[in-house]
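In: need coordinates for the following:
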Amino acid sequence: MVEPAAHSVPLLRWLKSNSAAKNRIAVVMADIGRVLARVHGARCLLTDGANSFAALEVGYTDPETSPPSGRGGVVLAPGGANRSAWSWLCRGRDLNRLCRELATVGVRAEHLAALRRAHAQELAETRRAGENGSVIDPSGGGLMENEDTAGTTARFRSLPRPRQGWWKAWTQGTLRGVERADWPRLAGTDWAATIMDANLTDRFHTKQGRSIARWTLTDPRDQRDLVVFVKRHHKLPWLHGLFAWLAPGGKWSPALQEWQHLEWAQRQGVPVPEVVAAAEYLGPGTRLSSVLVTEELTGMLPLHEAIPQAARDLPADIFRSLKKGLAWEMARLSRLLHDRRCFHKDLYLCHFYVRETDLRNPPADWRGRVVMIDLHRLARHRFTYWIWQVKDLAQLLYSSEVEGVTPRDRLEFWRAYRSLGENAKSLRLIGALVRAKYRRYAEHNRKLKLKKGQTAHPAPRRETVDKAA
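Out: Predicted coordinates:
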């Protein structure tokens, strides 16, 4: 629910009735152009042409009084703009429609030219600001126009980029990314140029062209340590590099994708690791690599280690209460994503973290105390959502085969999952599909272990799986 800005009237009615507009029409048109540039910079389009704007009477009827917005005397009316994936393609049509509607109420051609000029200047200024690495506008305004800073928030700023033409960028390569304000002080202002080749050996792990390592830095101001994990993708498919050139507004590297996913999840209320920096290296040619830096979850354990440890250390009644609280919190986080048609796609116990202190003294309320990690595959599926919902829940069911987890705990999770959202009849079918998917996971894992010569558990019987799930 929204309400119009104070002292505002629809723009077209104000232009027809207000005599003060005759003397300040050029200023009014320039303000409209700048507001429209911010709308387009936020990747939105007007919903109703000129009717999408309102004029602040205090901003123009009294020249001595500055408007409350601080940005001119024109504001968006409630519902005046909508997000659009094709905003970059439809900006010209949006601008032309607005000018035609303003011309019908008597706005002259030279004043419409002032509107177009202000619109172009505002977009150009935001591009230059993004290239200079300025701090992102906390209002979410025009800097969204710059492809390199799309989706950024006030906590991050763009990496500075040298001015270079297209050919020079293609032959020598280019860099884009974001950093937290305190990160250059810790890692150096040239961290992006050296981090891909840095020799990081602490908890080093490599797999499928990517590596993860732990890095400890000391803040020179207060001598406190900052421990981060550096996830580097050294070589990505050349096709992704080609798409990054053809559609620079997209996020084609895993590092920038995961940074965007973590920021989105945090805004939805999902506890996730704190991002420190992310960078994408494009070129020469179609070469593409990236790096993501996140803070370590110090003093926390993954659930597949935490639950067996709590089973050994806690009394039976306290341990049961702990598992019940964890089941409800995990169900809440899963449902929070699934109700938005977003899916983790790696929803295993090892991707949920809890504090070690909470294992020794379990809290009465676990809300906000379970952290979800590894969101690089997070995606939204509006039409095939049930496939990915089954996949997420089956992965979680399969990974729950650890010491201390019983069928009663799995049932507690399912009750919480059903009660926290719409308890539709379709969840009965989802439950059956989850059990079938779980049996496929278990059988596939058993065959892999037999192939490697390891001891494998027998394949689960159907009635046993149904009872446990």
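In: list the buried ones in whatever helix or strand Ala213 lives in?
Out: Assessed by DSSP states H and E, Ala213 sits inside strand 210-218. Buried residues in strand 210-218, defined by neighbour count with 16 or more other Cβ atoms under 10 Å: 210-211, 213, 215, 217. Just so you know, the C-beta spots here come from the backbone N, C-alpha and C atoms, and that holds for glycine as well.
In: so which residues of the stretch 301-450 of the chain form strands?
Out: Under the criterion DSSP state E, counting those that start in this stretch, the stretch 301-450 of the chain contains strands at 342-343, 352-355, 371-372, 379-380.
In: what would the ones you listed look like in TSV with mean neighbour count and distance to Lys324?
Out: Listed next are those as TSV, based on neighbours: other Cβ atoms under 10 Å; distance: least, Cβ to Cβ, whole Å:
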stretch	mean neighbour count	distance to Lys324
strand 342-343	24	25
strand 352-355	23	14
strand 371-372	20	19
strand 379-380	12	31
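In: to Arg100, which of those strands lies closest?
Out: strand 379-380 (35.7 Å; Cβ to Cβ).
In: related to what we said a few turns ago, which helices and strands sit right next to the strand holding Ala213?
Out: helix 183-187, strand 202-207, strand 225-233 (3 or more Cβ pairs under 8 Å, 6 or more residues apart in numbering; DSSP states H and E).
In: immediately after the shortest one, which helix or strand?
Out: The one in question is helix 183-187. With DSSP H and E, the next secondary element past helix 183-187 is helix 191-194.
In: quick one: mean pLDDT over that following helix.
Out: The pLDDT scores in helix 191-194 average 92.
In: give the buried residues for it.
Out: Quick answer for helix 191-194 (16+ other Cβ under 10 Å): 191-192.
In: just the CA trace of it, in CSV.
Out: Only the C-alpha atoms of helix 191-194 are listed here, as CSV (Å, rounded to 0.1, in the frame of the first residue of the first chain):
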residue,chain,number,x,y,z
TRP,A,191,44.1,-6.9,-5.1
ALA,A,192,42.1,-7.6,-8.2
ALA,A,193,45.3,-7.8,-10.3
THR,A,194,47.1,-10.2,-8.0
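In: now that helix: how far from the chain's centre is it?
Out: Taking Cα atoms, centre = their mean, to the nearest Å, one finds helix 191-194 lying 24 Å from the centre of the chain it belongs to.
In: elements contacting that helix?
Out: strand 174-180, strand 275-282.
In: for Pro315, find the nearest of these.
Out: When those are compared by Cβ to Cβ, strand 275-282 sits nearest Pro315, at 38.6 Å.
In: contacts for that closest one next, please.
Out: Strand 275-282 is contacted from outside by 156, 159, 169, 173-180, 183, 187, 191-192, 195-196, 226, 228, 241, 244-245, 252-253, 255-256, 258-259, 262-263, 287-295, using Cβ atoms under 8 Å, 6 or more residues apart in numbering.
In: report the inter-axis angle for that strand versus strand 210-218.
Out: Computed by axes from the mean of the first three to the mean of the last three Cα atoms, to 10 degrees, the angle separating strand 275-282 from strand 210-218 equals 130 degrees.
In: kindly export strand 275-282 (C-alpha atoms) in CSV.
Out: The C-alpha coordinates for strand 275-282 follow below in CSV (Å, rounded to 0.1, in the frame of the first residue of the first chain):
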residue,chain,number,x,y,z
VAL,A,275,30.5,-10.9,0.8
VAL,A,276,33.7,-8.9,0.8
ALA,A,277,34.5,-8.6,-3.0
ALA,A,278,33.8,-10.1,-6.4
ALA,A,279,35.5,-9.6,-9.7
GLU,A,280,35.2,-10.9,-13.3
TYR,A,281,38.1,-11.0,-15.8
LEU,A,282,37.0,-10.8,-19.4
